[in-house]
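1. Just the structure for this:
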Amino acid sequence: MELTVEGISKNFKNENTVQTVLKDLSFTVREGQFATLLGPSGCGKTTLLTIIAGFQAASGGRVMINGAQVTRPGPDRGFVFQNYALFPWMTVRENILYPMKQRRVPAKEREKRFKELLAMAQLEGKEKLYPHQLSGGMKQRVAFIRALAGRPEVLLMDEPLGAVDMQMRQSLQEDLEALWLKDKTTVVMVTHDVDEAIYLSDRVIVMSAREGKIVDDMPVRLPRPRDRKGMEYQKHKEHLAEALKVAVGRQAETAVTEGKLCLA
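-> So this is what the prediction gives:
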């Protein structure tokens, strides 16, 4: 599987003006790679993710998966939303089975996949619970394995831990990494968290505040699980901090360095 973003542009018209959010953006994500989009607010990260998902059309360029152009949403792409988007009237079991039923997966195969995913996420015994009965961490895991249930070619995640408090965040990053390592689905994630990007990603693409231009494309070749206190890990954080200064402009240099800038 190869995901190709080729010359993507996106314009929004507002009365007599046209706002260019993305302009001529291109990159390729190889099979099994975990790539993250990082950049300042308004740089078009989520817009790009929804274009890849087929939720909205680009103004120019194209997205290709395995050589086929994306024109609408499809089962080859799973999506994890910031607020989980679980069906509140469905149990954990029903939520996870839903995408497989939509793809008309045979019942026997559905049941096998369901048990595999439940074990993978350590949610055995929770299958009869409803979303309102789950903790934030459990909801996040259900949302993740539901997105994997239909065996998508690409998993798209928009701030998957954005609704979780900071105390839980690192623990859930470790859970998310463990789940991904078992399945190795190709991932494109949007996050505002520099540490999260480095901990989870094989690659971090930094987008500029203006027109979403790529100002850096940093590989992360650190061994897993990653040592957040290690020297190489800290060097990666410093590298991204410098890239973000370019992305947001020198006037925000102090805020980026001190980690106080909101990059949602």
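2. quick one: stretch 52-59 to chain centroid distance?
-> Chain-centre distance of stretch 52-59: 16 Å, with CA atoms, centre = their mean, to the nearest Å.
3. Just the C-alphas of it, formatted as CSV.
-> Extracted in CSV, the C-alpha atoms of stretch 52-59 (Å, rounded to 0.1, in the frame of the first residue of the first chain):
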residue,chain,number,x,y,z
ILE,A,52,-7.4,12.0,2.3
ALA,A,53,-10.5,10.5,3.9
GLY,A,54,-12.7,11.6,1.0
PHE,A,55,-14.9,13.7,3.3
GLN,A,56,-14.3,16.8,1.2
ALA,A,57,-12.9,17.5,-2.2
ALA,A,58,-9.6,19.2,-3.0
SER,A,59,-9.5,22.4,-5.1
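4. Outside of that stretch itself, list whatever touches it.
-> 3, 5, 8-11, 22, 47, 50-51, 63, 70-74, 77, 79, 154, 156, 188 (CB atoms under 8 Å, 6 or more residues apart in numbering). C-beta coordinates here come from the backbone N, C-alpha and C atoms, glycine included.
5. ok, now stretch 16-31?
-> 1-13, 35, 42, 44, 47-48, 51, 58, 60-61, 154, 186, 188, 203, 205, 207, 211-214, 217.
6. The same query, at a cut-off of 7 Å, please.
-> Applying CB atoms under 7 Å, 6 or more residues apart in numbering, the external contacts of stretch 16-31 come out as 1-12, 35, 44, 47-48, 186, 188, 205, 211-212, 214, 217.
7. what is the rounded mean pLDDT of it?
-> Stretch 16-31 comes out with an average pLDDT of 93.
8. same question, stretch 96-116
-> Rounded mean pLDDT across stretch 96-116 is 92.
9. likewise stretch 238-249?
-> 90.
10. Just the C-alpha atoms of that stretch, please, in PDB.
-> Output of stretch 238-249 as PDB, limited to C-alpha atoms (Å, rounded to 0.1, in the frame of the first residue of the first chain):
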ATOM      1  CA  GLU A 238      14.800  20.300  19.700                       C
ATOM      2  CA  HIS A 239      14.800  19.700  16.000                       C
ATOM      3  CA  LEU A 240      11.000  19.900  15.900                       C
ATOM      4  CA  ALA A 241      11.000  23.100  18.000                       C
ATOM      5  CA  GLU A 242      13.300  24.700  15.400                       C
ATOM      6  CA  ALA A 243      11.100  23.600  12.600                       C
ATOM      7  CA  LEU A 244       8.000  25.000  14.400                       C
ATOM      8  CA  LYS A 245       9.700  28.400  14.700                       C
ATOM      9  CA  VAL A 246       9.900  28.500  11.000                       C
ATOM     10  CA  ALA A 247       6.300  27.300  10.600                       C
ATOM     11  CA  VAL A 248       4.800  29.900  13.000                       C
ATOM     12  CA  GLY A 249       7.200  32.700  12.500                       C
END
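11. Could you pull out the buried residues of that stretch?
-> 239, 240, 241, 242, 243, 244, 245, 247, 248 (16 or more other CB atoms under 10 Å).
12. Return the distance of it from the chain's centre.
-> 21 Å.
13. and if you look at stretch 109-118?
-> 23 Å.
14. And that stretch, what's buried?
-> 110, 113, 114, 117, 118.
15. Using the three-state scheme, assign the second one.
-> Assigned with DSSP: H, G, I helix; E, B strand; the rest coil, residue 113 falls in the helix class.
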